[in-house]
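**Q** show me how the following folds:
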Amino acid sequence: MTTASAPTLPTQVIEREPPANWLWAAVFALCAVVYLGSAWSPSLQDDADSTHAEAAREMLVRGDYVTLHVNGVRYLEKAPLPYWLVAFSYRIFGVNEFATRFPTVVAMFLLVLLASRWANRAFPSPAGMYAALFITTTAGYYLFTRILIPEAILSLLIAASFYFFLTALSSSGDAWRWYAGYACLALAVLTKGLVSLVFVGLSATVLLVWTGEWRRWKQFRLPSGLMLFLLIAAPWHLLAGLRNPRFFWFYFVNEHFLRFLGKRYPVDYNKVPAAFYWTLHLVWLFPWSMYFPLALRRLPGDFRSKERSFGERTRLLCWIWAGVILTFFSFSTNQEYYTLPAYLPLLMLLAASVADEERSGRRGWLIGTAALTTLLALVAGTALVAGLWSSRHMPFVPDLASVLAQHNMEEDTLSMSHILDLTGPSFAALRLPAGLAAVALILGPATALWLRSKKKDFSATWTTAITMGAFLVAAHIALGRFDSVLSSKAIASDITRELKSNDAVAIYGDQAFGSSLLFYLKRPIFLVNGRTTSMWFGSTYPDAPKIYWDEADLQRVWSSDARVFLFVPPHLRSQADRLLPRKFVVTERSGKIVYSNRL
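**A** Numbering: from 1, shown residues only. As a prediction, the model looks like this:
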């Protein structure tokens, strides 16, 4: 006689005991120093940063929360949620740099909170605290939240969607978690488009098929969940399509499908070379990327495991989640920051691996990894010291652009390529941040290595995090020194002192070269040969403002009685000089110049 086996109940999620409250307060204080402390400065940068901020500002001014506009032209290539959040921030704090960055700062705080809670439920302590520390002090998160792009908000919403789905799968009687997951997924679609569906849908499908849990599909609340998803995600798309003819082709076909294939029109992007694409993640996730060997050791076991605990599901999901995103963008057109939503699962795996290794008492891998981190940090710190020493007799240079290597804007591949422009003399303008960064790189990892050797692992991890926080503060100071190179705010101030209501302001070339003028001048700007990139599709509508000039139009207006201010980026200056032999210089900063046709 056989006895029926008891039904398998869903594994319950157990909340782990967190470390001392004052340590958690220290985590969020460090996050505040790094992210809130850098929200007021520097100025908004040209290109995407100011363009997106201007879209939010014009949304607030127009009161149109369906059709985005930039320079009065329809701007239909982006999903609306980040702009809604920034416009709401402007309404509360006024139109300024802090208000522009505030939604991203909030997203990073919530991401830290989510990661700490998730890792604390999934792994033994102190993995939750480590996950929070790693996200707070990872280089890539900081670098790619310096500009107004949707990736930080997208990362939060995708992670929240996965968290709610996974906790629903591991709990009984918590139907609300399924609906929270669908709602977060809908908001992710309103943040970045259909790619969110690909990331979450494909990752969830692989997880469920691999574990065999797709058989529980009746528990997933699919009909009602998808209805909630559509109720949140569909209205804006439908309204945008009704108000903007050809929107569906442009947004879904051109901006999604053709962009993935590298055939989007007009071409305004690059693809990071494969070698850079993969290896630069070691930089973006530094210093915690040095612990990848610890996580990779568990990779085969994570996929072979037959357990269905919340922790095992989390490990497997994190590998699949990160793998789907990294693989997707290895085939698609990409920039370095596109893979930001993959950082959280990788950092949670690293946090769990470091915490597990510390508890096990195994010293070899921890000390070896700390030694490698120390070596790399010493090399970088020594290079900074050498740069400072070589510039010790040089005077401080207010305009950093005058001592940077020449930057070819037409051959950019990396969005952070200005870092490669540093020269020896440029360290004269970067003494404070370079000195602070050198101290952090030389002392921090070396101290952490010594603490590891003394079996003080918790202190070693905290030391690395705190000194990395100091390094990011130094990076913020350095970014301020690049202000005149990356932003045209000072030029906007120079123009404002002479600008009258009937005067015209124009940009020679693509609007992106001087887009911060739009944000700071708060008035329409004419574009010479500027019917390009993000300003192309909106120009095809009959209500597009008459802001587009060709060179003949510029010459005609230049010789008229109207006063014109012409902003010229450095790489187009010789071309503008040949076109306009008679002109007056209004201002010149960092190679960018403003001409006028009359005094």
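
**Q** what's the weakest-modelled helix or strand in the protein?
**A** The least trusted helix or strand in the chain, going by mean pLDDT, DSSP states H and E, turns out to be helix 259-261, with a mean of 85.

**Q** and that one, how far out from the chain middle?
**A** Its chain's average C-alpha position is 20 Å from that of helix 259-261, according to Cα atoms, centre = their mean, to the nearest Å.

**Q** what is that helix packed up against?
**A** Using 3 or more Cβ pairs under 8 Å, 6 or more residues apart in numbering; DSSP states H and E as the contact criterion, no helix or strand is in contact with helix 259-261. Backbone N, C-alpha and C define where each C-beta goes, glycine included.

**Q** begin at 199, not 1, for the rest of this chat.
**A** Happy to do that; since the first residue is 199 now, the last one works out to helix 457-459.

**Q** quick check: buried residues in that helix?
**A** Under the neighbour-count criterion of 16 or more other Cβ atoms under 10 Å, helix 457-459 has 457-458 buried.

**Q** ok, now stretch 624-636?
**A** Going by neighbour count (16+ other Cβ under 10 Å), the buried part of stretch 624-636 is 624-629, 631-632, 634-636.

**Q** for the helix or strand encompassing W519, name the packing helices and strands.
**A** Secondary structure assigned from DSSP states H and E places W519 in helix 508-529. The contact analysis (3+ Cβ pairs under 8 Å, 6+ apart) places helix 508-529 against helix 295-320, helix 349-367, helix 393-409, helix 472-482, helix 490-502, helix 541-558.

**Q** show me which of the buried residues of stretch 624-636 is closest to F490.
**A** Distance to F490 across those (Cβ to Cβ) is lowest for A635, with 23.3 Å.

**Q** any idea what the residue nearest to A774 when sequence neighbours are not counted is bridged to?
**A** With Cβ to Cβ, 6 or more residues apart in numbering as the measure, V766 is the residue that lies nearest to A774, at 4.6 Å, once sequence neighbours are left out. Using DSSP bridges, the beta-bridge partners of V766 come out as I791.

**Q** so what's V766 up against?
**A** V766 is in contact with 706-707, 774, 790-793, counting by Cβ atoms under 8 Å, 6 or more residues apart in numbering.

**Q** could you measure from the nearest residue to L395 once chain neighbours are set aside over to I693?
**A** Of all residues beyond its chain neighbours, the one nearest L395 is V387 (6.3 Å), with distances taken as Cβ to Cβ, 6+ apart. Shown here: V387 relative to I693, a distance of 40 Å by Cβ to Cβ, to the nearest Å.

**Q** strands of the protein, start to end?
**A** For the chain, the strands defined by DSSP state E cover 267-268, 271-272, 702-706, 724-726, 746-747, 762-766, 782-787, 790-794.

**Q** the last one vs strand 762-766, what angle?
**A** Using axes from the mean of the first three to the mean of the last three Cα atoms, to 10 degrees, the direction of strand 790-794 lies 160 degrees away from that of strand 762-766.

**Q** please export the C-alpha coordinates of strand 790-794 as CSV.
**A** Only the C-alpha atoms of strand 790-794 are listed here, as CSV (Å, rounded to 0.1, in the frame of the first residue of the first chain):
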residue,chain,number,x,y,z
LYS,A,790,32.4,77.4,-28.3
ILE,A,791,31.9,80.9,-29.7
VAL,A,792,28.9,83.2,-30.2
TYR,A,793,28.9,85.6,-33.2
SER,A,794,26.6,88.5,-33.8
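
**Q** tell me how far that strand lies from the chain's centre.
**A** Distance of strand 790-794 from its chain centroid, counting by Cα atoms, centre = their mean, is 32 Å.

**Q** one more: stretch 326-333?
**A** Between the mean C-alpha point of stretch 326-333 and the mean C-alpha point of its chain there is a distance of 19 Å (Cα atoms, centre = their mean).

**Q** try stretch 501-514
**A** 30 Å.

**Q** show me the shaky parts of this structure.
**A** Of all residues in the chain, those with pLDDT under 70 make up the ranges 199-217, 370-371, 466-467, 593-623.

**Q** in it, which residue is most central in space?
**A** The centre of the chain sits closest to F342, judged by Cα atoms, centre = their mean, with a distance of 3.5 Å.

**Q** I'd like to know how far it sits from M306.
**A** The gap separating F342 from M306 is 11 Å, by Cβ to Cβ.

**Q** spit out the residues that contact these two alike.
**A** A shared contact of F342 and M306, defined by Cβ under 8 Å, 6+ apart, is any residue touching both; here these are A350.

**Q** before we move on, back to that, with distance to I518 added, can I get the strands of the chain in TSV?
**A** What follows is the strands of the chain, written out as TSV (distance: least, Cβ to Cβ, whole Å):
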stretch	distance to I518
strand 267-268	37
strand 271-272	38
strand 702-706	45
strand 724-726	45
strand 746-747	47
strand 762-766	47
strand 782-787	48
strand 790-794	46
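
**Q** residues touching the residue nearest to L764 when sequence neighbours are not counted, list them.
**A** Closest residue in space to L764, ignoring its immediate chain neighbours: Y793 at 4.7 Å, by Cβ to Cβ, 6+ apart. Y793 is in contact with 763-764, 766, 774, 778, 781-784, counting by Cβ under 8 Å, 6+ apart.

**Q** of the residues you listed, buried ones?
**A** If you count burial by 16+ other Cβ under 10 Å, the buried members of the contacts of Y793 come out as 763-764, 766, 774, 778, 781, 784.

**Q** turn the residues you listed into CSV, including distance to F296.
**A** What follows is the buried ones among the contacts of Y793, written out as CSV (distance: Cβ to Cβ, whole Å):
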residue, distance to F296
F763, 28
L764, 31
V766, 30
A774, 35
L778, 38
K781, 37
V784, 29
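
**Q** return the member of the residues you listed nearest to A688.
**A** Distances from A688 to the buried ones among the contacts of Y793, taken by Cβ to Cβ, are shortest for V784, at 12.4 Å.

**Q** quick one, phi psi at the closest residue to L266 other than its chain neighbours?
**A** Across the structure, with Cβ to Cβ, 6+ apart as the measure, the residue nearest L266 apart from its sequence neighbours is Y273 (4.2 Å). Recorded main-chain torsions at Y273 are phi -120, psi 90, according to degrees, to the nearest 10.

**Q** also the one 3 residues further on?
**A** Reported as degrees, to the nearest 10, the phi and psi values for K276 are phi -120, psi 150.

**Q** relative to G633, how far out is it?
**A** On the measure of Cβ to Cβ, K276 and G633 end up 40 Å apart.

**Q** same question for A277.
**A** A277 sits at a distance of 42 Å from G633 (criterion: Cβ to Cβ).

**Q** repeat that for F307.
**A** Counting by Cβ to Cβ, the gap from F307 to G633 is 29 Å.

**Q** ditto for L221
**A** In this structure, L221 and G633 are separated by 29 Å, where distance is defined by Cβ to Cβ.

**Q** possible to save the contacts of V766 as CSV with distance to G642?
**A** Supplementary listing: these in CSV, determined by distance: Cβ to Cβ, whole Å:
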residue, distance to G642
Y706, 46
G707, 43
A774, 48
K790, 37
I791, 42
V792, 44
Y793, 48
